[in-house]
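1. sequence below, structure please.
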Amino acid sequence: MRRNGTVLVIGLSLLTACTPPQHEEPTGQTASLPSASTAANPSSDIEVAYERFWDIGNSVISQDPASWNSQLAAVATDPQLTRMLDNLKTLRARSLTVYGTTREHLTKVDIDGTTATVLDCQDASESGQADARSGAHKTVGIPRNPVSARMRRDANGTWKVAEISYPGGTC
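-> As a prediction, the model looks like this:
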């Protein structure tokens, strides 16, 4: 598995496409995790939105392609939305699908107004690519995959994933 700006990675990570790590330092509030999701916790909506992004992303490929845009637009915004739609089409063209699910282990949420950065030590060991016809597994994810997500709150107050990057290494 290679990582750079153009190579696709396994499982749902394949759908998100790799981008170089962003080295921006958020200037706002920091919330260390784990923490209980409560109305008093400003990161709880972000945590829920981030986990929902992966839930939908893990299952959307099995749905009618005509529904992909609306399903993903509920949890992602550009540039991530367009990347995922393009990568879904690429998977289909190569007769590939994804299997399994990822497990998110959020370690930090930094909030700066209408943007946030989520750090995740994702377990993708039960997901990967599979042959779309036979279901035979072609790849398997890694158990301790660092993921960084840039999220944006839209005009309706909904947090969505704007960009996913994989800094490399393990966590």
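
2. average pLDDT for stretch 108-116?
-> Averaged over stretch 108-116, pLDDT sits at 96.

3. what do you get for stretch 74-94?
-> 97.

4. now for the residue of the chain most remote from its centre: which residues touch it?
-> Seen from the C-alpha centroid of the chain, the residue lying at the greatest distance (Cα atoms, centre = their mean) is residue 134, 26.0 Å away. Residues near residue 134 by Cβ atoms under 8 Å, 6 or more residues apart in numbering: none. The way it works is simple: take the backbone N, C-alpha and C, and place the C-beta from them, glycine included.

5. can you tell me the SS state at it?
-> coil (DSSP: H, G, I helix; E, B strand; the rest coil).

6. that one and residue 87: what is the separation?
-> 21 Å (Cβ to Cβ, to the nearest Å).

7. count of residues packed around residue 144?
-> 13 (other Cβ atoms under 10 Å).

8. beyond the lowest-mean-pLDDT helix or strand in the chain, next helix or strand please.
-> Least confident helix or strand of the chain, by mean pLDDT, DSSP states H and E, is strand 29-32 with a mean of 44. Next helix or strand after strand 29-32 toward the C-terminus (DSSP states H and E): helix 44-59.

9. could I get the full set of helices for this structure?
-> 11-16, 44-59, 65-73, 80-93 (DSSP state H).

10. and the closest residue to residue 163 other than its chain neighbours, how close does it get to residue 64?
-> Excluding the flanking residues, the one nearest residue 163 by Cβ to Cβ, 6 or more residues apart in numbering is residue 150, at 4.4 Å. Residue 150 sits 29 Å away from residue 64, going by Cβ to Cβ.

11. show me what contacts residue 137?
-> Going by Cβ under 8 Å, 6+ apart, the list of residues near residue 137 reads 99, 128, 129, 130.

12. can I get the residues you listed in JSON lines with distance to residue 117?
-> Shown next, in JSON lines, are the contacts of residue 137 (distance: Cβ to Cβ, whole Å):
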{"residue": "99", "distance to residue 117": "29"}
{"residue": "128", "distance to residue 117": "26"}
{"residue": "129", "distance to residue 117": "28"}
{"residue": "130", "distance to residue 117": "31"}
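
13. list just the nearest of those to residue 146.
-> residue 128 (17.8 Å; Cβ to Cβ).
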